[in-house]
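# would you be able to build a 3D model of this:
(chains A and B)
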Amino acid sequence: MSQDSARVERAALETEREPNPVLAVLRTSVGRNAGLVVALLLICIVGAVTAGERFSSTDNALTILRLAATIGVVSIGMTFVIIGGGIDLSVGAIVALSSVWCTTVATQTMAENTHWIVMVGVALLVGAGCGLVNGLLIAYGNIVPFIMTLAMLASARGLAEIISDKKTQIVGSGVSGFKEFFNRDFLGVDVQIWLFALVAVVGWILLNRTTFGRRTVAVGGNPEAARLAGINVKRHTVYLYVLIGICCGIAALILVAKTTTGSSTHGTLYELDAIAAVVIGGTLLTGGRGTIVGTVLGVLIFSTLTNIFILNNRSFSEQSLFKGAIIVAAVLLQQRLASRSST
Amino acid sequence: MTVLLQMTGIVKEFPGVRALDGVDLDVRAGEVHCLIGQNGAGKSTLIKVLSGFHQPDAGTIVWDGQEATLSTPAKAIERGVATIYQELDLVPHLDVAENIFLGHEAAVVGFTQRVRAHREARELLARLGHPEIAPTRIVGDLPPAKQQIVSMARALSRDTRLLVLDEPSAVLDQEEVDNLFRVIHGLTAEGVAIVYISHRLEEIREIGDRITVLKDGRTVATGLAVEDAPTADLIRLMTGRSIEYVFPPRAEEPRETAAPVLEVRDLALAGVFSGVDLTVRAGEIVGLAGLVGAGRSEIIETVYGARRASSGTVTVDGKRLRRGSVQQAVRAGVGLAPEERKSQGLLLDEAVFKNITVSSMSRFARLGFLDRGEERRQATELTESLDVRPAGVTRAARTLSGGNQQKIVLARWLMRDCRVLLLDEPTRGVDVGARSEIYQLIRSLADRGVAVVVVSSEIEEVLGLADRVLVVREGEVVHEAAATAIDEAGVLDLVMEGKVPA
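Coordinates of the predicted model:
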């Protein structure tokens, strides 16, 4: 038995030297993303077959992208936090708080008197502020990210309810410029979709071309080595949570424009959708590895699926069941690839 | 006495290292067999083979007259091998009785029989001379010496025929050691065999029957009767050399004239070390020798700021460093190549060039944007000059051998033109051929004016590489000498007995 296991180990070492070409390609991030594109195409074929014209129209494509925009922006932020070795469960609650805070009577009055950009500033500041609190307590208070953001999940939504008195706050006509800006078309595509694209592109550049991205990978991949190499791991952790907070602020603005309301019920269960999209996209939950392209594809896969379910008049419950199965399948696949590449 | 265990020609290889290279060990029922050797001689690997954690690549194990394989720890326990490691493997939140019977709880259809467990635990503890330990005490609340007793009780709760004790006295004071010895005598009288690992020769004289000496993964003496083995002979056996390393020549001119670069004054880390003074001049290599756990690694990690000193000062080029700030140390020109290269040094899945530039990223960045072409170009230049093989700076650091990984860590600090380089076990996991290269590299860095501090468990390495040697024992610098003014036996004497050589 011992000889067998030794042989297996040796065999594993040899495969590392001369890897199976198919597996080797799937293991690279480019290959994994190609796999996701194939999955997305398959889903689109299913959509076209089951829903026909209603699915494969330009209008429907835009609907899918609009569906993807809010959760997509949050997922880009989540990608950074997870690559950096953390997790953020409070994103949905932060979205709700930002949406409520930027639509209060006080904010709207201020916006009417000056410019609607005030609402944008408030939403981003509230998001960044919540992220800052998360980050500081995680990095310097040594609270586990899971627990800290769970606490933020509860308190941010609670604060949103207090501020709004659990009422839906409608964006008044005095700040019509706000709604008009976010619902405007640009080259035939809504501004909210452009915003998602912009956040994704900026995220990609930030992750792949800057010192910030390099440090994120180092901090998540091996915090001890990063610390000993002279990286300020704690400070970087704070930056990561502020970053995702700002993403939540942007998502809140898109939601407020889309629904013309701010509400403490906005963003419910966003944490699950965002984490699911990131995981499907091939980002390791243990940190240190992940791609923006993968996350974008993960978000598109989910929103396309939701769209197909809606077009076929399937219930929300069925969607949830199916999503759960996809997450498990993706993680199983990811683990198999990871274990083969590490032995 | 009957031979209980006979290990012959045991070989164990790890990638790049042959940890055991034909080790023989025979243990008789009812004896205390001492296992000695320097750090890295293979003692730990041998007991891990014995307790089923590692599978030998070659060699035979005869247990109680029959050839046996110990394929898993559970199999080894089944045969009656119990091991008590230095790091006690108890569950701190469970109580004493639960720990003793962990894994073989007395139970009826899944319900543990607490009364019976408590009674049996009390009997075992009484047999070990500690009836005062209550079976209901939470193990985490007990002092280390009593935890060790619980560990032994756990071993005895099964039908143990061979008990391996890995430096059991390290956590004990004199009185507790006396009790431990009473317990050992009681066990041997019942026919239990003991394998006793210790660095303290005086203990071995007191408790041991026979001695096996390991060096560089080989048995250099086996079954020596304790009374026929004078200390001088044992030390000679443990040192002597089997492999000649080639050390680069030291610089000719005396170093006293060069300016001190690193000055450490009265540095202390509460509970680990205290009163450390250290001055390293430009171009000088200072070695810290001592046992694992003596505080050597902690000293340089504290100098680096990775641990926060409880008192004392560290200055680099006259500038005082803030305590516990790695960033400031790095800015002042200090670099550390940590002991655990894989877990503390490298980003294994990242490209070689990213590992090299991780501490000097700002040099390649404009407004935060990295010039990756320039990064790769400079990293390639460095890896070529260090002869890192295989070449190619975009491959993952994981794919390199130990020696080449170490070069990557050194390249990281070369990239920064550092003033002080702290090296913790620079050749651990580096195969013999590549060692000379690493030594050469370290010396050439010193010749360029870098102040180097080297920590190593291999006394030979410290003496061959360094200009000056500090011997650390139990958190204190007990001796300082020019590397040429002291020999391996002298250092070993200091390390093991704390005596200044005549």
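# how many neighbouring residues does residue B:310 have?
Counted with other C-beta atoms under 10 Å in any protein chain shown, the burial measure for residue B:310 works out to 15 neighbours. Where you see a C-beta, it was placed from the backbone N, CA and C, and this is true even at glycine.
# check contacts around it.
Contact partners of residue B:310, counting by C-beta atoms under 8 Å, 6 or more residues apart in numbering or on different chains, are B:268, B:269, B:270.
# using the three-state scheme, assign the first one.
For residue B:268, the reduced secondary structure class is strand; criterion used: DSSP: H, G, I helix; E, B strand; the rest coil.
# that one contacts residue B:308, doesn't it?
No: proximity of residue B:268 to residue B:308 does not meet the contact threshold set by C-beta atoms under 8 Å, at 11.1 Å.
# tell me the predicted confidence for the residue of the stretch 301-450 of chain B found nearest chain A.
Taking C-beta to the nearest C-beta, chain A has its nearest neighbour within the stretch 301-450 of chain B at residue B:330, 3.4 Å off. You'll see residue B:330 listed with a pLDDT of 92.
# CA atoms only for the helix or strand that contains it, dumped as CSV, please.
Under DSSP states H and E, the secondary-structure element containing residue B:330 is helix B:326-331. Taking Å, rounded to 0.1, in the frame of the first residue of the first chain, the C-alpha atoms of helix B:326-331 are listed here in CSV:
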residue,chain,number,x,y,z
VAL,B,326,8.5,45.8,8.8
GLN,B,327,7.8,48.6,6.3
GLN,B,328,10.2,50.9,8.1
ALA,B,329,12.9,48.2,8.3
VAL,B,330,12.6,47.5,4.5
ARG,B,331,12.7,51.3,3.8
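# flag every buried residue along that helix.
Counting neighbours by 16 or more other C-beta atoms under 10 Å in any protein chain shown, one finds that the buried residues in helix B:326-331 are B:326, B:328, B:329, B:330.
# chain center to that helix: distance?
Between the mean C-alpha point of helix B:326-331 and the mean C-alpha point of its chain there is a distance of 27 Å (C-alpha atoms, centre = their mean, to the nearest Å).
# helix or strand right after it?
As assigned by DSSP H and E, the chain's next helix or strand after helix B:326-331 is strand B:334-337.
# now for that following strand, which elements pack on it?
helix B:296-304, helix B:402-415, strand B:420-424 (3 or more C-beta pairs under 8 Å, 6 or more residues apart in numbering or on different chains; DSSP states H and E).
# any idea of the pLDDT on residue 3?
You didn't say which chain, so I picked chain A. Note for residue A:3: predicted pLDDT of 42.
# ah, I was thinking of chain B
The per-residue pLDDT reported for residue B:3 equals 87.
# who's it bridged to?
Here residue B:3 sits in beta bridges with residue B:28, going by DSSP bridges.
# equivalent analysis for residue B:66, please.
For residue B:66, the residues forming beta bridges with it (DSSP bridges) are residue B:63.
# residue 119: neighbour count?
Here I'm looking at chain A. With neighbours defined by other C-beta under 10 Å, the count for residue A:119 comes to 26.
# try again with chain B
Residue crowding around residue B:119 was assessed by other C-beta under 10 Å; the count is 14.
# contacts only, for residue B:112.
Under the criterion of C-beta under 8 Å, 6+ apart, the contact list for residue B:112 reads B:105, B:106.
# backbone torsions only: list them for it.
Residue B:112 has phi and psi values of phi -70, psi 140 when expressed as degrees, to the nearest 10.
# surely the residue of the stretch 301-450 of chain B closest to chain A meets residue A:228?
No: using C-beta under 8 Å, residue B:330 is not in contact with residue A:228; the gap is 9.2 Å.
# quick revisit: show me which of residue B:268 and residue B:308 is the more surrounded one.
residue B:268 (17 against 12).
# and the more buried one, how far from residue B:338?
Look at residue B:268 and residue B:338: by C-beta to C-beta, to the nearest Å, they are 21 Å apart.
# low-confidence ranges, the stretch 201-343 of chain A, go.
Under the criterion of pLDDT under 70, the regions of the stretch 201-343 of chain A flagged as low confidence span A:337-343.
# for it, what lies in contact range of chain B?
For the stretch 201-343 of chain A, the contact set with chain B under C-beta under 8 Å from any C-beta of the partner chain comprises A:209-212, A:214-215, A:217-218, A:221-222, A:224-232, A:288-289.
# now do the strands in the stretch 201-350 of chain B.
Read by DSSP state E, counting those that start in this stretch, the stretch 201-350 of chain B holds these strands, from start to end of the chain: B:210-215, B:218-225, B:260-269, B:273-281, B:285-289, B:311-316, B:319-320, B:334-337.
# make CSV out of those and add mean pLDDT.
CSV is the format used below for the strands of the stretch 201-350 of chain B (pLDDT from 0 to 100):
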stretch, mean pLDDT
strand B:210-215, 89
strand B:218-225, 85
strand B:260-269, 93
strand B:273-281, 92
strand B:285-289, 93
strand B:311-316, 93
strand B:319-320, 92
strand B:334-337, 92
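# mind putting those strands in a markdown table, distance to residue B:51 included?
Output for these, formatted as a markdown table (distance: least, C-beta to C-beta, whole Å):
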| stretch | distance to residue B:51 |
| --- | --- |
| strand B:210-215 | 17 |
| strand B:218-225 | 19 |
| strand B:260-269 | 33 |
| strand B:273-281 | 32 |
| strand B:285-289 | 30 |
| strand B:311-316 | 41 |
| strand B:319-320 | 49 |
| strand B:334-337 | 32 |
